[in-house]
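Novice: attaching a predicted model along with its sequence, questions to come.
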Amino acid sequence: MTVRIWFVIAATALAVAAAVLSPALPQPLDYHLFADRRAAFGIPNFLNVASNAAFLVVGIGGLVATLGRRARFEFGAETWPYVCFFSGVLLTAAGSAYYHLAPDNGTLFWDRLPMTIAFMALICSQIGERIDLRAGLLLLVPALLIGAASVMYWRATERDGAGNVMPYAVLQGYAIALMLLVARIPSRYTRAKLLYWVFAWYVLSKLLEALDYPIFDLGHAVSGHTLKHLAAAAAGAVVWRMLTHRTVA
């Protein structure tokens, strides 16, 4: 394996160690108190539920493109990380909608689990395209298991009465940092710089999430969290566009 792959493995090991050794961080219960709790058509928290349709569209469209002939791949095996990525986006539509129907720690698990699938799969896709294809494919299953474990550990600790969301938080930080580092490495494909737009939309989504109440207070038309869903789905749409407009460099 190349030095870069060993670096990725070492960074992953350090992230796991940090997640395990960091002080426990319970999930704040006020996280579930979203600004817009209006019901419509008999659906509670309607806009926060309905806005997940954006993930549904991106997930289905991305899977159709990846498994069909529209996406550009030099090798057939490269489709697997993207199949996992868009499957994660599609499952996020279901998991997030389910969570927002009745927000609490129990339903939040089903919101977060598919997001870890998308995060980890996208990392492996870029490792395969920018560093080493074989390594990216070999790391896919372990990466997905690590992501799932971070959320399962959080749920287990919540059930034991000593919630610890730190592993999931560390995983998110690790995914963002590693993707930024990998993005600096040239890709085998054109349109590779679109990955920076994925970051931009993701950062915007986190900002909108943090401004949930202030945005809703501007006119009570839409909340920051509803817009967060649209921005996060746009990040996935950029990946979809990248796959269908690129060529081998």
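Specialist: Okay, I see it. Numbering: from 1, shown residues only.
Novice: helices along the protein, start to end?
Specialist: 3-21, 46-50, 53-67, 79-101, 105-130, 133-138, 140-159, 166-183, 195-210, 212-217, 224-245 (DSSP state H).
Novice: so which of the ones you listed is nearest Y31?
Specialist: helix 105-130 (7.9 Å; C-beta to C-beta). C-betas here are computed from N, CA, C, even on glycine.
Novice: next up, the contacts around D111.
Specialist: 92, 95-96, 98-99 (C-beta atoms under 8 Å, 6 or more residues apart in numbering).
Novice: neighbours of A231, how many?
Specialist: 20 (other C-beta atoms under 10 Å).
Novice: in space, what's closest to it - neighbours in sequence excluded?
Specialist: Closest residue to A231 apart from its sequence neighbours, by C-beta to C-beta, 6 or more residues apart in numbering: S205 at 3.9 Å.
Novice: picking that back up, save the helices of the chain as a markdown table, and put in distance to A40 and mean pLDDT too.
Specialist: Listed next are the helices of the chain as a markdown table, based on distance: least, C-beta to C-beta, whole Å; pLDDT from 0 to 100:
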| stretch | distance to A40 | mean pLDDT |
| --- | --- | --- |
| helix 3-21 | 39 | 81 |
| helix 46-50 | 4 | 98 |
| helix 53-67 | 14 | 97 |
| helix 79-101 | 13 | 98 |
| helix 105-130 | 20 | 96 |
| helix 133-138 | 43 | 94 |
| helix 140-159 | 30 | 94 |
| helix 166-183 | 31 | 89 |
| helix 195-210 | 21 | 96 |
| helix 212-217 | 15 | 98 |
| helix 224-245 | 12 | 97 |
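Novice: how about these, which one is nearest L29?
Specialist: helix 105-130 (7.8 Å).
Novice: and the closest one, how far from the chain's centre?
Specialist: Distance, stretch centre to chain centre, for helix 105-130: 5 Å (C-alpha atoms, centre = their mean, to the nearest Å).
Novice: what angle sits between it and helix 195-210?
Specialist: 160 degrees (axes from the mean of the first three to the mean of the last three C-alpha atoms, to 10 degrees).
Novice: may I see the buried residues of helix 105-130?
Specialist: 105, 107-130 (16 or more other C-beta atoms under 10 Å).
Novice: just to revisit the earlier point, let me have the contacts of D111 in CSV, adding neighbour count as columns.
Specialist: Below are the contacts of D111 laid out as CSV (neighbours: other C-beta atoms under 10 Å):
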residue, neighbour count
T92, 30
G95, 22
S96, 24
Y98, 16
Y99, 24
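Novice: what's the neighbour count on the residue nearest to A231?
Specialist: Counted with other C-beta under 10 Å, S205 comes out at 21.
Novice: I figured it was touching H225, is that so?
Specialist: No - assessed by C-beta atoms under 8 Å, S205 is found out of contact with H225, at 9.7 Å.
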